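Peer 1: Requesting a structural model of the entry that follows:
(2 chains)
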Amino acid sequence: MKQELRKVVKGYVESQELNSDQLHSLTKLINTHGEKNNQNKLVKFRVIAAVIVVSIALGLFWGYGINTQANVSQSIAEEVAHNHLKMKPMEVSSTSLSDVRRYFNKLDFSLSQSKFVANTSLQLIGGRYCSILGETAAQLRMTDEATGNMQIIYQAPYDQELFRELPSLEKGQDPVRHYVNGISVDVWVEKGILFARSFN
Amino acid sequence: MFDNDQLNSLYRYCFSLTGDESESYDILQSSIEKFLKANVESVENKNAYMKRIIRNHYIDVSRKRSKIDEEEFDETVTYVDMHINSLEKIVASQYQVEAVWQELSSSEREIMYFWAVEGYTTSELAEFLDISRGTLLSKIHRLRKRLKQQFDDSGKESVL
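Peer 2: Numbering: from 1, shown residues only, chains lettered A, B, ... in the order given. Have a look, this model is predicted:
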């Protein structure tokens, strides 16, 4: 019996069906992938979570390190500038480094000359004990023969745990400069000694 | 993801392309694997997306086997003013449709499927097939001519 082509085609195509084995096989394929996908998602989630945690930890550590490093350098500068402004009386007066060295016999290190100020026209006039962040330090008073201004060189044993990373001349780094209450302060490390220089 | 009704619906689309039950299952299985690998959970209409995968996969497989004419799924420029509803005027028996089904090209069976089973309009079908309306009308014109000829001839044979 003839009918409209659309009805006949629809009936014929819709009579085509997957058998139960084929349906089972395809359903299994889809479900297996779903389970794998969930496992993959879990793994991905764990990896992402681990990356986030590590990133945060590194960020905090790095940020803390930078912050601490900057804070230490600034703290040294503030203490040095305070000393410079106080300008307490010298405990030893001499233009001879040998004489001054003999006076500073309670130090755990030997006073040294820095390359950073070696070629300047500074003249030693004496010194006194002081401290930098609780570390016993030598304060060497100098006058700049060119200008007549006072400059003070501070030296203390370099304790990396206490002072953190500071510019090292041996590594080709320049001293870090701070300005505190009108006083310029350079801070650096050289020959295992923490150096600071304050001047107007 | 796909229930039994949806799987059967996709299988029927495969059948319209291949005209063969066994090959339809192979195409459907491979297409589902492609769909799963693509990991496309965000796709809104998974059924339409799957049909697109099935069609592309079938064309790839067929071209590898040189089974289809390269021009069959490509656009031509011939334009004939023939609406898809022109197929409505044709009448046929179940036997005639089953007989002619294998003889039609993949492209012709696909048009028949979307017209009769999915109820697509000419514009919807042209958009899905990614061909111009003119090209589709041209294909419909050729299909109608062929069906008319087949059914008329078989009618004559049955009379004889």
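Peer 1: what's the closest non-adjacent residue to A:E79?
Peer 2: Of all residues not flanking A:E79 in the chain, A:I132 sits nearest, at 5.9 Å (C-beta to C-beta, 6 or more residues apart in numbering or on different chains). Bear in mind the C-beta positions are built from the backbone N, C-alpha and C, glycine included.
Peer 1: how close does the one you found get to B:F128?
Peer 2: Distance, A:I132 to B:F128, by C-beta to C-beta, to the nearest Å: 80 Å.
Peer 1: ok, those two, which is more surrounded?
Peer 2: Neighbours were counted for A:I132 and for B:F128 using other C-beta atoms under 10 Å in any protein chain shown; A:I132 has more, 23 against 17.
Peer 1: contacting residues for the more buried one?
Peer 2: Contacts here follow C-beta atoms under 8 Å, 6 or more residues apart in numbering or on different chains; on that basis A:I132 touches A:76, A:79-80, A:154, A:156, A:194, A:196.
Peer 1: Which members of those residues are the farthest-apart pair?
Peer 2: With C-beta to C-beta as the measure, no two of the contacts of A:I132 lie farther apart than A:E79 and A:L194, at 11.6 Å.
Peer 1: Would you mind telling me which of the two has the busier surroundings?
Peer 2: A:L194 (24 against 21).
Peer 1: Wait, a strand at that one?
Peer 2: Yes - counting by DSSP: H, G, I helix; E, B strand; the rest coil, A:L194 falls inside a strand.
Peer 1: Roughly how far does it sit from A:G172?
Peer 2: Look at A:L194 and A:G172: by C-beta to C-beta, they are 18 Å apart.
Peer 1: Can you report phi and psi for the residue nearest to A:E79?
Peer 2: Main-chain dihedrals, A:I132, degrees, to the nearest 10: phi -120, psi 120.
Peer 1: And the pLDDT for it?
Peer 2: Listed pLDDT for A:I132 reads 91.
Peer 1: Repeat that for B:G134.
Peer 2: The predicted local confidence for B:G134 is 87.
Peer 1: That one: how many residues sit nearby?
Peer 2: Residues near B:G134, counting by other C-beta under 10 Å: 16.
Peer 1: tell me which element it falls in.
Peer 2: Assigned by DSSP states H and E, B:G134 belongs to helix B:133-159.
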